[in-house]
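Undergrad: Sharing a model that was predicted from the sequence below.
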Amino acid sequence: MLSTNAAPTNGGFPRVHICDVPIHKLNADVLLHVFTICRDIEPVSVWCISRTSSRWRKLTLEHSVLWTLVTVDQPTIRFLGSTHPLAWLRTWLSRSYADQELDIAVDLHDVGMWRDCIRPTAEDMDNVLLELCYSAYRWGSFTYRLGRQYTWASPGDWDFRALIAVLENMKSLPLLRTIYLWEEEGFLDSALQITPGLLYQELQPKATPQLRRVSLGTLPHSRKSGTDTCNVDHLSYQVRQYTVPRDVLSLLRTYNSTRILQLSGWSGVVESGHDGAVTLDNLHELQVVPNAFMADVLSAVDMPCLTRLTLDGRLIPYNEEVMSQTAWDPDGKSRYSTSFLDVLSLRPHTLFLTCLVLYLPLQSVPWSSMANFETLETVTIVKTERDTFWSNCPSNLSMLYEMKKPGDIGSRWCLPQLHTLTLQATAGGKSEKSALPAASGWHRWQDEAKALFWPRWLAAKENNTTLVYLGISVIATGIKIELRQTED
């Protein structure tokens, strides 16, 4: 709040002394904490802070850690200027001091939407990237996202000395733990000579001994062939429209020690045969888009230790071309095919899944395929509010509350180790009609669910060595229901 004792100026407005504003009365430790939060939300804010008052400027310049998150994106260039980006970039780097680890982010994913007056030239951006690479030995993380629309130079205008210098500095990245490289799909010719694809091509395992997290998005080229592998814990890869399965498998061989794997995107390329199977001995968690391309890739991947699986169907496009290459039923009865889980169940080693998460907007739940994974302990199903799944629930959970038919192999109940089932509804569009029960209908829903699941709960009480108690949670806007049957 402003001081009420401020004297009016000639214009009729009170004159406010900076020292009267409460935030300026905070001690240095609290201010540094506030500054750090501001910096993490918007990195260029540290520049604004340093220009607010002499005290704040002195404080920011005395603490170099505030300058270690170096970002080149639209907000930064708009504030600091695009005419001479090297000037402010060098100042930024110098304020971080040479002994501080750096987090670098160059985000040009939306550069095609920038106004010409703030968009730096391709030559300037190459120089910016070169300047950043001079500090590559200090990088703790590096993000580089590149969109289209850099067309102000041709390869004949390139200064290859800069490119050689960049590649030379990329040979030693001793502190790098995280890297994220992304190019807009369809990005073929760039006026920039230093692109995410180029940097990835030249990135060598021996140069990154601390690298643990790698995210790659629609890069046009794979790594140069070699036998080196990387000791990475977390790998995320988004395929391009014309990616072939053998390229993905080659990537997985390079990062075969990964513990967490995320695969997204789709490709219309059909390829017969693979170069051999890939074994991911350390993989514990997989998140994948359930389309035909990914099913083809994973058919050649052995994951003996996989325990957590997420099928994310939220971004599967709804058009005929893509539908022909994704896991859709041809007869239209079910817009999601159960074949994806069936492919995963046919492994050289049996999968002992304990956690399954399904993001299936407007697609049927593959109950029969889920039954193949008897070790499941938790299942989460996420649906939009307008999905007819909700209007048929809980009667459509019959696989869980009905006993198996006589003669079926195994336990008399499906998924006997399942102790938590979570059903989550996500908000749909404002004009879309919700299929969820009305507020007054949830009590009836609970009564019906309790009646249906009572036989299973009773069986768990009588024989809790082979069948565990199943709890059900329902989460929707303004609603949270917990159905639990205790042993008493």
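TA: Right, received. Where do you want to start? Numbering: from 1, shown residues only.

Undergrad: buried stuff in the helix or strand harbouring V166?
TA: V166 belongs to helix 160-169 when assigned by DSSP states H and E. Within helix 160-169, the residues that count as buried by 16 or more other C-beta atoms under 10 Å are 162-163, 166, 169. (Each C-beta comes from the backbone N, C-alpha and C, glycine too.)

Undergrad: Tell me where the stretch 301-450 of the chain has strands.
TA: Along the stretch 301-450 of the chain, the segments classed as strands by DSSP state E, counting those that start in this stretch run 301-302, 308-312, 355-359, 378-384, 420-426.

Undergrad: Can you tell me how far G217 is from I179?
TA: Using C-beta to C-beta, to the nearest Å, one gets 12 Å for the distance from G217 to I179.

Undergrad: okay, those two: which has more neighbours?
TA: I179 (24 against 21; other C-beta atoms under 10 Å).

Undergrad: Mind putting the strands of the stretch 301-450 of the chain into a markdown table with mean pLDDT, distance to P75 and mean neighbour count?
TA: Rendered in a markdown table, the data for those read as follows (pLDDT from 0 to 100; distance: least, C-beta to C-beta, whole Å; neighbours: other C-beta atoms under 10 Å):
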| stretch | mean pLDDT | distance to P75 | mean neighbour count |
| --- | --- | --- | --- |
| strand 301-302 | 91 | 40 | 20 |
| strand 308-312 | 95 | 30 | 19 |
| strand 355-359 | 95 | 31 | 20 |
| strand 378-384 | 94 | 33 | 20 |
| strand 420-426 | 95 | 30 | 18 |
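
Undergrad: wait, which of these is closest to R90?
TA: Among the strands of the stretch 301-450 of the chain, the nearest to R90 by C-beta to C-beta is strand 308-312 (42.0 Å).

Undergrad: in what helix or strand does V232 lie?
TA: Using DSSP H and E, V232 sits in no helix or strand.

Undergrad: Not counting residues beside it along the chain, what's closest to it?
TA: Distance criterion C-beta to C-beta, 6 or more residues apart in numbering; nearest residue to V232, sequence neighbours excluded, is Y255 at 4.7 Å.

Undergrad: One more: E285?
TA: Distance criterion C-beta to C-beta, 6+ apart; nearest residue to E285, sequence neighbours excluded, is R308 at 4.2 Å.

Undergrad: do E42 as well
TA: P75 (6.4 Å).

Undergrad: Pull up the gap between the one you found and I118, please.
TA: Counting by C-beta to C-beta, the gap from P75 to I118 is 10 Å.

Undergrad: what does the helix holding V166 rub up against?
TA: With contacts defined as C-beta atoms under 8 Å, 6 or more residues apart in numbering, helix 160-169 is touched by 126-127, 129-130, 133-134, 136-137, 193-194, 199, 202.

Undergrad: Apply 7 Å and report the result again.
TA: Helix 160-169 has contacts (C-beta atoms under 7 Å, 6 or more residues apart in numbering) with 126, 129-130, 133-134, 136, 193-194, 202.

Undergrad: who does the helix or strand containing I104 pair up with?
TA: Per DSSP H and E, I104 falls inside strand 102-108. With DSSP bridges as the test, strand 102-108 is paired with strand 69-72 (parallel), strand 139-146 (parallel).
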